[in-house]
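J.: how would this look folded up:
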Amino acid sequence: MKRMNLRDVPDDVYAALADAAAANRQSLSTFVVDRLTEVAQVTKLTEYVASYPPAQESGITLEDAAAAVREVREAS
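T.: The predicted model follows:
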């Protein structure tokens, strides 16, 4: 495993992360690694979706589909 050293973390961000880690009964390091893992997975998913070929002659773009999902979420 690699080590990471973060610099210039704003005090309020550090405090929020430390509080969230404590609330989850995790060390700050474990909590932050878990969040970074989530970010890495989303990045991979975004790349996958971007590379996925659209359905032939559907007339629906990825942007249209994403907008429809957002609309339903906001209505809920």
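J.: number of nearby residues for Phe31?
T.: Phe31 has 19 neighbouring residues, counting by other Cβ atoms under 10 Å. Any C-beta I mention is one placed from the backbone N, CA and C, and that applies to glycine too.
J.: One more: the one 3 residues further on?
T.: In terms of burial, Asp34 registers 12 neighbours under the definition other Cβ under 10 Å.
J.: Now it: which helix or strand?
T.: According to DSSP states H and E, Asp34 maps onto helix 28-51.
J.: residues in contact with that helix?
T.: 17-18, 20-21, 24, 26, 62 (Cβ atoms under 8 Å, 6 or more residues apart in numbering).
J.: What residues of that helix count as buried?
T.: 31-32 (16 or more other Cβ atoms under 10 Å).
J.: Quick check: the farthest pair among the contacts of helix 28-51?
T.: Ala18 and Leu62 (38.1 Å; Cβ to Cβ).
J.: okay, those two: which has more neighbours?
T.: Between Ala18 and Leu62, counted using other Cβ under 10 Å, the more crowded position is Ala18 (14 against 11).
J.: which non-adjacent residue is nearest the more buried one?
T.: Leu28 (5.4 Å; Cβ to Cβ, 6 or more residues apart in numbering).
J.: confidence score at that neighbour?
T.: We note a pLDDT of 96 for Leu28 in this prediction.
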